[in-house]
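1. sharing a sequence plus its predicted fold:
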Amino acid sequence: MFQYAMPTTLFFGKDCIAESGNIIQSFGKKALIVTGRHSAKINGSQKAVTDKLKELGISWILFDEVESNPSIQTVRKAAAAGQREGVDFVIAIGGGSPMDAGKVIALLCTNELDDAALFTGPYKKPLPIITVPTTSGTGSEVTKAAILTNPHAGTKQAVADPMLFPAASFADPAFTMAVSVPVTIDTAVDALSHAVEGYMARTATPVSDVWAEEAMRFIGARLPELGEPVSYEAREDLMYGSTLAGIVIAQTGTTLIHGMGYQLTYYKGISHGRANGMLFTSYMKLMAETMPDKVEKIWELLELDGMDDFIRCMKKIIPDTVKLTEQELLDYTKLTMPTNAVKNTSYDITPQIVSEIYADLK
Ligand SMILES: [Fe+2]
């Protein structure tokens, strides 16, 4: 038995907001646009949204203060503005941080939740959410989860509920043309980790595997180009792959790479995709023991010769290292072990395994 849910209406392709944005008027008369400080203004996404809102006679307020790895404080501030102004729905524009923040803001506009209940629910229906991704990595545009930094838990944590699936998503690869080479690498590796982890998760299903294989095929074809400026055609493949990978993790959740990577981001400031990339090869070595057939299929889809070729490829695009102290190894392992990501990994993960992988990052 398995389940498949993907309630987000997805519009994909160049100029999709101008061409198909009329659906936005079904969500109400006043929008709260949630984004970061700069990139949505530079890459054309914010203008594409506001042009469409003007055309449709929909008013909006703008909250453009979302930081990387958004805090509880930020989403509360935006939700207070949304409540004060009586907005009907949220449009989240950006990479994972603004989209995740937008989901939680939509939730806080309709729910009174203290910091603990924010992560556990139960929730009442949030405002409708529209996502406009401007990077090709997170997949948040089509998932039911939002990741926030939670100082009470001392790590990044998910707010997750099926009601957080965006109502609509507009994925226009042209908005990613301005993404820098390092961020293009980080986000592509994040997307690849979603496809690969979802493919080998305990919760993988026949349907999620279809999307995972397709995501790997599209992202894999562009891996050799990641260290250089990327063409529009490659941007389109990367966004298609990352969106498919988002559909995968919306079904399966993530596994060990994400469970361990959050500590590297929270405590060491390493970007999410880079943290995942640093952990990727250790994870694949574990999976080669328990899921050799799927691992072989992954090499084929990524057009790689095998584990050594993958290690070479990852070293080239993510050469970063980090040396952790004995205390950090203990602390990060302790934070990782109870997570769903560990339970969802198709391997009997022990604290010793986690600690050894962290120690190996130097
Ligand atoms: Fe991720």
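-> Structure's in. What do you need?

2. and the residue nearest the centre of this protein?
-> By Cα atoms, centre = their mean, the mean C-alpha position of the chain lies nearest to Thr138, the distance being 2.3 Å.

3. ok, it - contacts?
-> For Thr138, the set of contacting residues under the criterion of Cβ atoms under 8 Å, 6 or more residues apart in numbering consists of 95-96, 99-100, 187, 190-191, 242, 246. Using the backbone N, CA and C atoms, a C-beta is placed for each residue, glycine as well.

4. if we use 7 Å, what do you get?
-> By Cβ atoms under 7 Å, 6 or more residues apart in numbering, Thr138 lies in contact with 95-96, 99, 190.

5. filter these down to the ones in helices?
-> Of these, the ones assigned to helices by DSSP state H are 96, 99, 190.

6. for the second one, what are its contacts?
-> Residues touching Met99, when contacts are defined by Cβ under 7 Å, 6+ apart, comprise 92, 131, 133, 138, 140-141.

7. try the last one
-> By Cβ under 7 Å, 6+ apart, the contact set of Asp190 is 137-138, 272-273, 276.

8. among the residues you listed, who's most crowded?
-> Taking other Cβ atoms under 10 Å as the neighbour criterion, Gly137 ranks highest of those with 33 neighbours.

9. is it correct that that one falls within a helix?
-> No. Per DSSP: H, G, I helix; E, B strand; the rest coil, Gly137 lies outside any helix segment and is coil.

10. residue numbering should commence at 51 henceforth.
-> That works, and once the first residue is 51, the last one we named lands at Gly187.

11. pull the most distant pair out of the contacts of Thr188.
-> Largest separation among the contacts of Thr188 by Cβ to Cβ: Met149 and Asp240, giving 12.9 Å.

12. tell me which residue of the chain is positioned farthest from its centroid.
-> Checked against the mean C-alpha position of the chain, the extreme residue using Cα atoms, centre = their mean is Gly107, at a distance of 31.5 Å.

13. and this protein, what are its domain boundaries?
-> Residue ranges of the domains in the chain are recorded as 59-225, 230-409, according to automatic domain parsing.

14. just so I know, which of the ones you listed lies nearest Gln53?
-> Using Cβ to Cβ and comparing these, the one that lies nearest Gln53 is domain 230-409, at 7.5 Å.

15. ok, now which ones touch the spatially closest residue to Ser121 that is not a sequence neighbour?
-> Using Cβ to Cβ, 6 or more residues apart in numbering and skipping residues adjacent in sequence, the residue nearest Ser121 is Thr199, 5.5 Å away. Residues counted as contacts of Thr199 (Cβ under 7 Å, 6+ apart) are 119, 121, 206, 316.
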